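Enquirer: one predicted model, sequence on top.
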Amino acid sequence: MADQLPEIFWEIHSGLPREGPGDNGSTRRAFLTLKDLPKKPNMLDIGCGPGMQTVELVRLSNGQIDALDNYQPFLDQLDISVKKGGFTDKIKLVNGDMFNLIYDNSAFNLIWSEGAIFIISFEKGLREWKRLLTDKGYLVVSELSWLKNNVPSKVKEYMEHVYPANKTIKENLNIVKKVGYRVIGSFILPTESWWTNYYQPIEAKLPSLKEKYKNNAEKLQHIAYHEVEIDMFRKYSDYYGYVFYIMQNKLEN
């Protein structure tokens with residue numbers, strides 16, 4: 001996927017604390033619902049980005065984690081955090097593809113994916129990643145979701161363009177059950193999770209990029225897409241947001 005996005009996208013997104021909405025408090029909240037993990041779990045963070053949550057998971061679990069992403073600069077950014085935190089023996093950086101995960105069945109006690117499962121799609125990810133979990137292993141993902149039913153037409157039209165697969169929390173929980181997981185819980189990320197580590201750092205970059213590319217219509221258009229995205233969330237965050245879905249693998253009968 002990384003090579004399919006324009007250069008300006010990566011210029012906007014380089015050096016951010018996170019590559020999507022989230023915060024360490026929400027990562028901790030989700031992790032602390034997992035009651036049957038071994039003392040040192042084997043973990044996989046799919047679409048880890050620069051890995052703020054990866055480092056937090058290692059701190060929380062004292063386990064081993066493979067941090068997987070297909071964009072090397074994100075892994076390079078995470079590598080700095082890994083070395084700074086003294087986690088080189090705990091975190092393995094993997095340049096890999098979530099569509100083709102080269103791991104044995106039942107390899108992990110926990111699979112984690114914050115804001116990335118949409119790339120493969122929610123249901124497909126749940127189905128394909130299930131084989132990698134031990135019996136009673138956990139899958140924890142955050143996914144964009146509708147929070148209300150009476151969505152304004154402007155928001156519906158916008159989402160049809162950017163993420164037509166968006167579903168309600170109830171619809172996603174039904175998918176969790178259908179695929180064969182036990183629902184442990186779900187919760188909505190706070191609005192602040194979108195701003196502090198994601199939208200505010202992006203907004204800070206945009207004025208200088210607009211000046212830099214003032215004579216490049218194509219790049220200005222991509223900058224404008226980000227401005228629209230941020231403005232939509234500023235106005236309509238009551239209607240959509242990221243939701244953590246926490247589930248446990250079940251033995252097949």
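Expert: Cool, got the structure.

Enquirer: packing partners of the longest strand belonging to the chain?
Expert: Scanning the chain for the longest strand, with DSSP state E as the assignment, gives strand 133-146. Where contact means 3 or more C-beta pairs under 8 Å, 6 or more residues apart in numbering; DSSP states H and E, strand 133-146 is packed against helix 24-31, strand 108-114, helix 122-129, strand 167-168, helix 169-179, strand 181-188, strand 240-249. The C-beta positions use only the backbone N, C-alpha and C, and glycine is treated the same way.

Enquirer: show me the contact partners of stretch 196-210.
Expert: Contacting residues not belonging to stretch 196-210 are listed as 8, 11-13, 15-23, 52, 219-220, 223, 226-227, 230, 233 [C-beta atoms under 8 Å, 6 or more residues apart in numbering].

Enquirer: okay, and which of those residues map to helices?
Expert: In this view, the contacts of stretch 196-210 that belong to helices under DSSP state H are Ile8, Glu11, Ile12, His13, Met52, Lys219, Leu220, Ile223, His226, Glu227, Ile230, Phe233.

Enquirer: so which of the helices and strands packed on strand 133-146 is the most surrounded?
Expert: Mean neighbours per residue, mean count of other C-beta atoms under 10 Å, is largest over these for strand 108-114, with a mean of 25.

Enquirer: CA atoms of that strand as PDB?
Expert: Extracted C-alpha coordinates of strand 108-114, given in PDB (Å, rounded to 0.1, in the frame of the first residue of the first chain):
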ATOM      1  CA  PHE A 108       0.600 -15.400  19.100                       C
ATOM      2  CA  ASN A 109      -1.200 -14.900  22.400                       C
ATOM      3  CA  LEU A 110      -2.200 -11.400  21.300                       C
ATOM      4  CA  ILE A 111      -2.600  -9.600  18.000                       C
ATOM      5  CA  TRP A 112      -3.000  -5.800  18.100                       C
ATOM      6  CA  SER A 113      -3.900  -3.300  15.400                       C
ATOM      7  CA  GLU A 114      -4.700   0.300  16.000                       C
END
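
Enquirer: quick one: contacts of it?
Expert: Strand 108-114 is contacted from outside by 20, 22, 27, 34, 37-38, 41-47, 53, 57, 61, 63, 98, 125, 129, 132-134, 137-142, using C-beta under 8 Å, 6+ apart.

Enquirer: just the buried residues of the next helix or strand along the chain from the longest strand of the chain, please?
Expert: Remark: after strand 133-146, the chain's next helix or strand is helix 153-162, criterion DSSP states H and E. Within helix 153-162, the residues that count as buried by 16 or more other C-beta atoms under 10 Å are Val155, Tyr158, Met159.

Enquirer: quick one: average pLDDT of helix 153-162?
Expert: The average pLDDT for helix 153-162 rounds to 95.

Enquirer: okay, the angle between that helix and strand 240-249?
Expert: 60 degrees (axes from the mean of the first three to the mean of the last three C-alpha atoms, to 10 degrees).

Enquirer: and stretch 60-75, how far apart are its ends?
Expert: 21 Å (C-alpha to C-alpha, to the nearest Å).

Enquirer: buried residues in it?
Expert: Residues of stretch 60-75 classed as buried by neighbour count (16+ other C-beta under 10 Å): 60-61, 63-71, 74-75.

Enquirer: any idea how far the longest strand of the chain is from the middle of the chain?
Expert: A distance of 11 Å separates the centroid of the chain from that of strand 133-146, by C-alpha atoms, centre = their mean, to the nearest Å.
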